[in-house]
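**Student:** give me a 3D structure for the following:
(one chain, ligands or ions: 3)
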Amino acid sequence: MSSATRTVIRGGLVVTAADEIHADVLIEQGRVVALAAHGSTVAESWTADRTVDATDRYVIPGGVDAHTHMELPFGGTFASDTFETGTRAAAWGGTTTIVDFAVQTIGTSPRAGLDAWYAKADGVCAIDYAFHMILSDVDERSLKEMDHLVQEGVTSFKLFMAYPGVFYSDDGKILRAMQRASADGGLIMMHAENGIAIDVLVEQALAEGRTDPRYHGEVRRVLLEAEATHRAIQLARVAGSPLYVVHVSAEEALAEIAAARDKGLPVFGETCPQYLFLSTDNLAEPDFEGAKYVCSTPLRPREHQAALWRGLRTDDLQVVSTDHCPFCFSGQKELGRGDFSRIPNGLPGVENRMDLLHQAVLDGHLTRRRWIDIACAAPARMFGLYPKKGTIAPGSDADIVVYDPHTEQTLSVRTHHMNVDYNAYEGRRITGRVETVLSRGEVVLDRRTWTGRAGHGRYTPRGICQYLG
Ligand code: DUC
Ligand code: ZN
Ligand code: ZN
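**Tutor:** Ligands and ions are numbered 1, 2, ... in the order given. Below is the predicted model:
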């Protein structure tokens, strides 16, 4: 169906970060044109080529997953979802925009990395996509290129305090990149873990024969996440730059962010479903099954979850993204049998985020509007995509999910669409399910029949962070 078609979504409860209203939604040329109260004369007067019945359903903005790694080269292998398979799975799960990470490798320019990522994604995505840039080699050339990248719509840069020799930047490089970002309007995203200290603990653990996946969690100590988070915040203060801390997993790291925000500093935080729903119990699963849950920052003891939920409610954390970085158990995670440090780091989840967070609404962790805020509106605002993405309002892209809040489902590798041989949430019961998905007005999932296509998704340049000034 073409996006020139006039579509009306009728009878649903439209939920955005700001409102909940029983309204019909009129869509033309891929955009939302108007909302009108269901049953009103205005809504009744709308004619359409296509009517989507949303009775007893929520009508919500498509999810914005601001942290994915399709095809990421890592640990001698590649994340198993391509842009084609990963964006299709995202749409099945109600996400209609991803912001993926282009990678600068050591010795090459950010430009070269970004061009390689444009090429990987070009013509194959099912939904719209944008890029952040991972800076692995902060030198004069990289700093200059940051200016051009911001102009081009790549307005955020991830730096790593972990992974020495691969992605790692020392404090001097971090400070320089922060200074440049503050001058450019760019946003620094920080992987905050003290990788130098972690590498010492890894070496000691392996030398003592502690090689199982659970030791991945033990050596990547909470204190080393908290220390790095603290240091990143102080460096950002010195540079006068804003800071977004990715994949916050530890209560102590969150406390650093909360303290900075209490001082009025422009410090933001993201967590991910794996830290909210999984724990070190999963990492300790026998027969090397724990490898399925190896990611960094690592899963933490269950007690940390309450602090993360609280942080999402109090707005000390603004965003839930997935850090989707899938590696098959067979042949990929298995690279680390006998040496946890060789297990490729990453978990699948791009298809499961919206459902898991809806379950969190039912479990009393979040309100419905906060669900839409942390999963749609806030990531769109944080990364300069709002209100094109992240809401349902006149002028917004018609990226819309008709969500059935009543149907029960069981998350499983048998039914998911991600290109990975396990599901991190296997067997988990969820009430609620994505029913129909529109991307720029095109129905890509029609009552759970796939109608999308590779190549429908468009590259979407971004503006600067909309949480600043
Ligand atoms: N963490 C992961 O778990 N995978 C990829 C990179 C990262 O920082
Ligand atoms: Zn990271
Ligand atoms: Zn990541």
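
**Student:** what is the neighbour count of residue 334?
**Tutor:** The number of residues packed near residue 334 is 15, by other C-beta atoms under 10 Å. All C-beta spots, glycine's among them, are computed from the backbone N, C-alpha and C.

**Student:** and it, how far from residue 211?
**Tutor:** Relative to residue 211, residue 334 is positioned 13 Å away (C-beta to C-beta, to the nearest Å).

**Student:** so stretch 133-142, near ligand 1 or not?
**Tutor:** No: residues of stretch 133-142 are not located near ligand 1 by C-beta under 6 Å from any ligand atom, the shortest gap being 8.9 Å.

**Student:** which parts of that stretch are buried?
**Tutor:** Residues of stretch 133-142 classed as buried by neighbour count (16 or more other C-beta atoms under 10 Å): 133-138, 142.

**Student:** can you show me the strands along the stretch 351-469 of the chain?
**Tutor:** Here the stretch 351-469 of the chain has its strands, by DSSP state E, counting those that start in this stretch, at 400-410, 429-439, 442-446, 449-450.

**Student:** before we move on, the earlier item: in helices, which of the buried residues of stretch 133-142 appear?
**Tutor:** By the criterion of DSSP state H, membership of the buried residues of stretch 133-142 in helices covers residue 142.

**Student:** close to ligand 1: what parts of the protein are there?
**Tutor:** Residues of the chain that fall close to ligand 1, judged by C-beta under 6 Å from any ligand atom: 69, 74, 191, 295-296, 323, 325, 345-346.

**Student:** so among those residues, where is pLDDT lowest?
**Tutor:** Among those, residue 74 carries the lowest pLDDT, at 94.

**Student:** and that one, its phi and psi?
**Tutor:** phi -160, psi 130 (degrees, to the nearest 10).

**Student:** run through who's touching stretch 366-373.
**Tutor:** 15-20, 58, 60-61, 309, 312-313, 357-358, 360-361, 374 (C-beta atoms under 8 Å, 6 or more residues apart in numbering).

**Student:** how close does the residue nearest to the spatial centre of the chain sit to ligand 1?
**Tutor:** Centroid-nearest residue in the chain, with C-alpha atoms, centre = their mean: residue 321, separated by 2.7 Å. Applying C-beta to the nearest ligand atom, to the nearest Å, the value for residue 321 to ligand 1 is 12 Å.

**Student:** now swap in residue 408 and tell me
**Tutor:** 30 Å.

**Student:** find the nearest non-adjacent residue to that residue, please.
**Tutor:** With sequence-adjacent residues excluded and distances taken as C-beta to C-beta, 6 or more residues apart in numbering, residue 408 is closest to residue 431, at 5.3 Å.

**Student:** ok, now which ones touch that neighbour?
**Tutor:** Residues near residue 431 by C-beta under 8 Å, 6+ apart: 358-359, 362, 405-408.

**Student:** please apply the same query to residue 352.
**Tutor:** Contacts for residue 352 (C-beta under 8 Å, 6+ apart) come out as 93, 273, 322, 411, 416, 423-425.

**Student:** please flag which of the buried residues of stretch 133-142 sit within strands.
**Tutor:** 133-134 (DSSP state E).

**Student:** next, format the buried residues of stretch 133-142 as TSV and append pLDDT and distance to residue 277.
**Tutor:** Listed next are the buried residues of stretch 133-142 as TSV, based on pLDDT from 0 to 100; distance: C-beta to C-beta, whole Å:
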residue	pLDDT	distance to residue 277
133	98	29
134	98	26
135	98	31
136	96	30
137	95	35
138	96	35
142	97	36
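
**Student:** for the stretch 351-469 of the chain, what spans make up the helices?
**Tutor:** Here the stretch 351-469 of the chain has its helices, by DSSP state H, counting those that start in this stretch, at 353-362, 368-372, 378-382.

**Student:** any idea how far residue 395 is from ligand 1?
**Tutor:** Distance from residue 395 to ligand 1, counting by C-beta to the nearest ligand atom: 35 Å.
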